[in-house]
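> need a structure here:
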Amino acid sequence: MIVVAIIGILTAVAVPAYQDYAVRTKMSEAILALAGCRTTITEVYVSGATAPAPNEWGCEGNSTKFVASITTDGNGVVTATMQNVMAVRVDGRVVTFIPTISGAPATAADMGKSLTGWICGGTGTTVELNLLPGSCRGL
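Predicted structure coming up:
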């Protein structure tokens with residue numbers, strides 16, 4: 001009986017941890033899809049051109065097994081809508097990738113300046129942060 005109880009306790013702890021790990025693994029595909037927009041948006045900022053309209057930065061619309069769609073706004077914020085990951089906690093929710101200049105979100109008024117970083121999983125992200133890969137938790 002003691003062995004059965006120990007196995008039951010270990011299972012109760014291990015199964016939820018494994019599920020979260022499996023979700024984080026699937027979420028890494030979204031991070032790769034978001035990163036694909038990084039070069040395009042950075043080039044537009046550096047060139048000093050006029051900011052494109054929402055969804056016209058040139059990297060939108062890519063869908064994969066776990067990413068339903070990728071959209072952008074007028075400031076270059078990239079958003080991935082999730083699918084087929086975990087019905088209740090993730091599917092239909094979004095992850096954002098925000099361009100920054102000196103730690104602050106970049107805006108269309110910053111055209112001609114160099115981007116200094118990106119915030120992954122920041123403002124606008126509706127996926128629980130503990131389900132995102134460690135490199136994408138609002139940093």
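
> contacting residues for E56?
E56 makes contacts with T72, as judged by C-beta atoms under 8 Å, 6 or more residues apart in numbering. Quick note: C-beta positions are derived from backbone N, CA and C, even for glycine.

> so the spatially most central residue of the chain is in which element?
By C-alpha atoms, centre = their mean, the chain has its centre lying nearest to V95, at 3.6 Å. Using DSSP states H and E, V95 maps to strand 94-101.

> so what's the residue count around T107?
14 (other C-beta atoms under 10 Å).

> S114 too?
Around S114 there are 10 other residues, counting by other C-beta under 10 Å.

> part of a helix, is it?
No - judged by DSSP: H, G, I helix; E, B strand; the rest coil, S114 forms no part of a helix; its state is coil.

> residues near the residue nearest to it when sequence neighbours are not counted, how many?
Excluding the flanking residues, the one nearest S114 by C-beta to C-beta, 6 or more residues apart in numbering is V46, at 5.7 Å. For V46, the neighbour count with other C-beta under 10 Å is 13.

> likewise for A109?
By the criterion of other C-beta under 10 Å, A109 has 9 neighbours.

> can you tell me the SS state at it?
Here A109 is recorded as helix under three-state DSSP.

> centre of the chain to the helix or strand containing the residue nearest to S114, how far?
Using DSSP H and E, the element containing V46 is helix 2-47. Here helix 2-47 is found 11 Å from its chain centre; the criterion is C-alpha atoms, centre = their mean, to the nearest Å.

> stretch 105-120 now?
With C-alpha atoms, centre = their mean, you get 17 Å for stretch 105-120.
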